[in-house]
Each structure stands twice: as C-alpha cells, then as structure tokens.
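A.B. asks: just a sequence and a predicted model for now, questions to come.
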Amino acid sequence: MKILIKYIAKLSLNPILVGLAGFVIFAAVEILYQLSDLIVRHRVSILILFKVLYYYLPYFVSMGIPVGVLLAIFWILTQLANDHELMALQVHGVSPRVLIVPFLIIAAGLSGVTYLLSDRVVPIYNQKASQALSKYVYRQPEVFISENVVAKIDESQYFYVKRYDKREGTLHDVILFKNESGEEEIITANRVVREGNTWYMYDGRLYRVDSEGLLKFDVKFNRVELNLKEDLETLMRIGKSPKDMRSEELKSRINTFVKLGVDPAPWVVELHTRYSLSLGPVIIVLAGIPLSLIFNLKSKSWGVILTFVIVVLYQGSGAWLSAMGKERLLDPVLAAWIPDISFACTGIFLYILLDTPAAYKIREFLVKFLLVTVLVLCTTSFASDSIQISAERVFYTESAVTFCGSVTAFYKEAEINASTITVFLTEDGKAHEAECLGSVNYRKEDVSIESQNLRFSFQESVAVMMQIRGKTVYEDEKGKKHLMYFSAEELTSNNQISEMKLGYITTCELEKPHYRLQALNVELKENEYLVAYDVVMYIFEAPTIYFPIYFVSLKDEPQPFSFMVGYSKEKGMTFETEYNMTFEDGSVSALIGYSQDGTTYTDLKLAKHWNDLKATLNYERETSNDQRNTYNIVGELDNIPLPIPSKLRVNFDDEKTGFLLEGSLEKKLRYQILRTVDPPSIHWTLPYVEVRKLTLSSTPMLFVVDSFSHRTVARYDEGNLFEHFDDMDTSGRFRSHASAS
C-alpha cells in the first residue's frame, strides 16, 4: 500500500497543479471580463489590474484546489487504464476500489491547506481587493456605510444597522447593545436620522436587564438623541462583512447577534460554508473515484469535460443554496452542508455499486445526462452581453430572477439603482427582459434619470421609463458647463436616442421650476443634441411664447438657438434670444435683448481664423428710453507674433475712440498700451508694466522680484503726444529680496 500511495502521489502532482492553474487563470479572466467596461472607461493601469488579481489569488487557489484534485483523479485513472495498470492490479487480486485510499490521503492534506487559506488568508486579501476595486476601478470613495454589519464601538458596545437609505441619509432597523457591569442595555429604533451634527433615534424602545436576565427597565420613546463615543459614520465604515472575518470573529458576531435578537443567518452560512468548502477535496475524491471507474474513460479530454461539469454542479449549487440559507428559505447550517452531503452520499452509493450490474445502467444514464448538461452550459456561457447585479436578497424561479434591497446593476456603460430588479428568462435560460421598480436611478455618462419604473428588452435594446425626471450637461460657447433638467410622463430609449412624451426642459433645478419649455415630444441623443417639438414657454404657470421646434446642442460648441430670461433690480425682467452658426474657420452670432425699463440691445459677432491668427468683429447697439444710441465696434486679434502673447482691441462710438494693446505671460508679466480719445481730451498710457514673482539666479545668490509695477500717463487737449513728453506722469513700485542659493 505504501508503494501505491507514493506512486499515486507522484502522478498526482502535475495534474493538480495544471487544474489549479487553469482554474486560477479562468477566474482571473472572468474578473477582468466583468470589469472590462470600467477598466477602459477609468483608464486603469496594468499594474493596478495585477494588484487586484494578486489580492484575489488566495481565494482563487482555495476554490481551485478541488478542481485540481478532480482533474488528477480523471487523468491518473485514465492513464492507468490506457497503460493496462488497472488490469494488472486486478490480475494480482487488488480491486480498483483500493485506489480511493491514496487520493483520500492527498485530499485530507489539501483540505487542511484549503481551510488555512479560506480562514486565515482570504479574509485579509478580500478586504484589500475590495479597497483596490473601490478606489481604482469603481472610482468610489474609500469610505462607505455598510449595511447588515455589526460595528464594535468598544469592549462593551456594539452597533447594528439593517438598511441604509443613501438618498435620505436614514438608517433603518437600528440596534445599540451595551454590556455594562451587572446589567445589559439594548436600544432598538425603527430609524436614525442626522439633524445637523447630531443623530436622533425615532420610534424605539429601551430594555435593561440584570446579570440574571431579569427585566429591570422597559420604555418606549418617539425621539431620543444618539450619544456615542465616536462619530456614527466612522463606526459604520469600519464594519466587516462576513467574508472579511475569521472563524473566531464569525462565532463572536453570531453570539452577539443572538443576544441582540438579530437574525445571524448570513454569518452562520458563511461560517459553515467555510468548513464545508474546506472538506471539498475529500468530497470530490468520494464522488470522483466511483464516477471515473464507472465511465472507464479512455481520453483525458473527457476527463477535463467531466471536471468542468462536476465543479459547476458542486460549487454552483453551493452558492445557490448559501443564498437561500441567508434568506432563511433553508436552515442556514443545512444550506452550507447540502452540497457536501449530497455529493458524499452519491459517491459512497456509487462506490458500493462498483463491479455490479447496476453500475452499467447508471453509466448509461450518466452519459446522457452529461451530454445534455454540456450543451446547456455551452449555450449559456457564450452570451454576447452580460448584466452585473448586486443586491441584498435574491429569489429564483424557472422563468425569472428577482433581486431585492439596494440593487445595483451594470449593463454596457449604464448603471441602474433600484429597490427591486426582476430579470425574466427564456426557456433556454437567457435574459430577455428586465423590470426595475421603486426609486429607479439611471446613470450613463452625463445623463442621470430618476423614474418610478423601467422596463428593458435585451433583444431589442429598448428601454421604457414612466414618470421620469432627469438632467444632462451641455457646454456653452465660453466652455462653461451647465445643467439642463427634463421631465416627462414616458421615455422610450433605443441605443443612444431617447424620446420623451408630454415633457418639459428647463435650467431651473427646482422640482416645480419657475420657467420651463413644455413640449409634446422631446428627442435626446446623449452628448449630441436635444430637440423639442411644439414647444410653449411657461413662466410660472402662464404660457408666454410658442416655438414650433427648439434645439439645444450638447456638444462643445455654441448653441444654434437659445432663449434666456433674467431679472435685475435696475432693469427689471430681461429677455434675450441668441442665434449661432459655426463653420470650420469661424462663426457668426447674433443676440437680441429687451429689458423691462424699455432698453433694447443688439450684439452681432463675426469670428474668422487664419492659421494661428484669429480676428473677432463685434457690433453693438443699445437704445434706451431717452432714444440715445450707443455704437461699439471691436476688432480683436489673437496670437500676434510678439515675444509675449498679446491682443489688440479697437473701439469707437458716437463720441469716443480708442485702442488697447495688452499681453501677459504666465501671470508673471503683464503690459498695456492704451489710447483713448474723448473730445477734447486725449489719454495715453505708455506703458503699464507689472511683474510678479520673477526669480533671477546668479551663484551664489538668488534674486527674487516679489512685485514690480510701472505706469506712464499723458493727458492733453491740444497738439500731439510728442509735444507733451514733458507733461507725462510716471509712477511705480518695486519690492524684492535676495538669499543665498
């Protein structure tokens, strides 16, 4: 027997390593596939990806050890059969059943390794992986409030929150446990709300019992201030999830939950799942040896296929049953052990039937079952698009999967948050439609939409939302970004184009905006344009102006048409309309405005580009109640070939004329040359120079000009500038310091 054990152990080494490496690579690729959209969108570096995969490595190894053991069983028994070594054993009176002994010894050792990894190493690395994903991939803050987690305040106080409403900033179903000398105190509250810098508990109850468990104090309250030694948010942020705890911590939390009256099902399931998965290599041997001997495989490729099918059944059923145990649909302890019990009983049963006529009938049935299973798995594994959903609770039926409680879904480039998401399945198990209910929040790039419900067809890529309110971002000609809000009774979206019925658009952020453009239909293409048809402008609830069509470009360019309403104390209400046309080498714009005090004004602008040279021509006219007209024409030249980037402005109206040449260099140097004619006076500034923080280095000294300014001004009514040199007024300031370099 010793020789057989050594021989099998030697043959097992390579297949176990191959199976383990294959599973680790497969799991790593699956993680990268799930995060591929976020990786590309956030430009995550390859070093960060390797760092995340490194943190996941202990978890992959602990889950991959049973895969390596099972692959080793099929490969070695196939090799022994092909080399007629099994026949040789039988000729010498040794039953093939004895081969289970060496594999059980190997599996027992690997079970110990699996437990040490899953209980001592994986929790620590899981936390690091979550932090890395949150910081570099999801780009979320590193601190967050955890739900369904017990936070330890100190040695005698614990804090528990079942649900956290991020939108309202409210904690629901809160329990505070204090264990003091000689007595214990439990405070429960339906909700906890932050008001200013203080947290308050509402609709709760306070219990106090002595060391013998007798009730000493019981009182109800409507509103009580929550007094803790530390900030509540800090306590919530440091809470661990069950997967991040060692077995000792899990046991301690389970005991604490029992005292608090909180259902410890998720912690019980995690603890016993850790034990059951540690026995995975032994269970795999009990099931794998009889199956291999019954099938009598001749090809190693069939061994790989059988390994894949059995591992999916074993680990997949374990994950599904664990989720049911956490929701108390099954006993938490039983849910964690059902896969081990089922596979162990099946393996022992098949082991007993070896070398009996019943084994051949079982073989025929398993071959048919295997073919059907492989076809189903291949059909469902190669879906073109995937939807990633996280939730507190999951319910399964044959035709649908329902996710409940703080549900977050990622599909392509969109993120959806809702109270409940139901994914409807086809007969072959593919998702064909999804329905989101309860405070639905949809986000994609610069578009954010809130709705009561959302239905999405995966085949047609069509989404329908009811009673929506959302916002998007557009950029004006000055490069400034603005928020535009919209609302509608119904929104239908197909790829990147959305159509809204009976809706409005506005730049007012209020739920009931002071002004809005009401339309029968609104069409929105993300980051491209927004166009509305049959538009009526409402100021408060009064209809004012009708537009057959209203267009807003969401690109980084001036809007073709815009309408603005304003108010000032001096002019009263103001109304402006602006028209813009953009060409490859320039643009034309016109603005017409009217104010309540009777002033009308016009602004026409023409911009033209010649390589690096840009010219802008403005024409402005303003008419007031006193019928006084003011004209102003400005010519502006950018990038004049001077040592310092400069601009030249020329302006004149009915009475004044002038020009201004100015330039600046990195905010350290600025100059101006100005001439203004306001008959009969002429004003010159020759020049104005300002210098700030200019450093001059000359070993061994460092000379710094903190500030320097110089201004030369000339004013005269007759003659020319050359005749008034002696009348110029010069002023300036200088401040500097020196130090050893």
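C.D. replies: That came in fine, so what should we check first? Numbering: from 1, shown residues only.
A.B. asks: and Phe395, that's in a strand?
C.D. replies: Yes - assessed with DSSP: H, G, I helix; E, B strand; the rest coil, Phe395 lies in a strand.
A.B. asks: from Ile389, how far off is the closest residue to it other than its chain neighbours?
C.D. replies: Using CB to CB, 6 or more residues apart in numbering and skipping residues adjacent in sequence, the residue nearest Phe395 is Thr402, 4.4 Å away. Any C-beta I mention is one placed from the backbone N, CA and C, and that applies to glycine too. Using CB to CB, to the nearest Å, one gets 10 Å for the distance from Thr402 to Ile389.
A.B. asks: give me the common contacts of these two.
C.D. replies: With contacts defined as CB atoms under 8 Å, 6 or more residues apart in numbering, the residues adjacent to both Thr402 and Ile389 are 421, 423.
A.B. asks: returning to that earlier point: look up how far Ile682 lies from the residue nearest to Phe395.
C.D. replies: As judged by CB to CB, Thr402 and Ile682 stand 83 Å apart.
A.B. asks: more neighbours: these two, which one.
C.D. replies: In this view Thr402 and Ile682 are compared by other CB atoms under 10 Å, and Ile682 has more residues nearby, 20 against 17.
A.B. asks: stretch 113-124: which residues count as buried?
C.D. replies: 114-115, 117-119, 122-123 (16 or more other CB atoms under 10 Å).
A.B. asks: start to end distance for that stretch?
C.D. replies: End-to-end distance of stretch 113-124: 16 Å, with CA to CA, to the nearest Å as the criterion.
A.B. asks: residues in contact with it?
C.D. replies: 58-59, 61-62, 65-66, 243-247, 274-275, 277-278, 280-281.
A.B. asks: which residues does the residue nearest to Phe395 bridge with?
C.D. replies: Note on Thr402: beta-bridge partners Phe395, Thr422, judged by DSSP bridges.
A.B. asks: need the pLDDT of it.
C.D. replies: Reported pLDDT at Thr402 in the predicted model: 84.
A.B. asks: what sits against it?
C.D. replies: By CB under 8 Å, 6+ apart, the residues touching Thr402 are 394-396, 420-423.
A.B. asks: what about it, distance to Tyr442?
C.D. replies: Using CB to CB, we find Thr402 at a distance of 19 Å from Tyr442.
A.B. asks: quick check: domain ranges of the protein?
C.D. replies: Taking automatic domain parsing as the reference, the chain has its domains at 2-139+267-381, 149-238, 387-460, 558-639, 646-741.
A.B. asks: count the neighbours of Val61 for me.
C.D. replies: Applying other CB under 10 Å, we find 21 other residues in the vicinity of Val61.
A.B. asks: make sure it is actually in contact with Ala21.
C.D. replies: No - at 9.8 Å, Val61 and Ala21 do not qualify as touching, with contact defined as CB atoms under 8 Å.
A.B. asks: so which helix or strand takes in Leu306?
C.D. replies: For Leu306, the host element (DSSP states H and E) is helix 300-326.
A.B. asks: backbone dihedrals for the residue nearest to Phe551 when sequence neighbours are not counted, please?
C.D. replies: Closest residue to Phe551 apart from its sequence neighbours, by CB to CB, 6+ apart: Val531 at 4.9 Å. Backbone torsions of Val531, given as degrees, to the nearest 10, read phi -130, psi 130.
A.B. asks: find the nearest non-adjacent residue to Val224, please.
C.D. replies: Computed as CB to CB, 6+ apart, the closest residue to Val224 that is not its neighbour in sequence is Met201, at 4.9 Å.
A.B. asks: next one: Leu53
C.D. replies: Leu53 sits nearest to Ala28 (CB to CB, 6+ apart), 5.1 Å away.
A.B. asks: ok, the one you found touching Tyr59?
C.D. replies: No - with contact defined as CB under 8 Å, Ala28 does not count as touching Tyr59 (10.9 Å).
A.B. asks: who's more crowded, those two?
C.D. replies: Taking neighbours as other CB under 10 Å, Ala28 and Tyr59 compare with Tyr59 leading, 20 against 17.
A.B. asks: so which helix or strand takes in that one?
C.D. replies: Here Tyr59 is assigned to helix 46-82, by DSSP H and E.
A.B. asks: give me the next element, helix or strand, following that helix.
C.D. replies: helix 85-91.
A.B. asks: quick one: low-confidence residue ranges for the stretch 201-350 of the chain.
C.D. replies: Along the stretch 201-350 of the chain, the model assigns pLDDT under 70 to residues 213, 227-241, 259-262, 298-299.
A.B. asks: again, only this time at 90
C.D. replies: 201, 204-267, 288-320, 322-324, 326-329, 347, 349-350 (pLDDT under 90).
A.B. asks: re the thing from before, any chance of the domains of the chain in CSV with distance to Val552 as columns?
C.D. replies: Converted to CSV, the domains of the chain look like this (distance: least, CB to CB, whole Å):
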stretch, distance to Val552
domain 2-139+267-381, 25
domain 149-238, 28
domain 387-460, 13
domain 558-639, 6
domain 646-741, 31
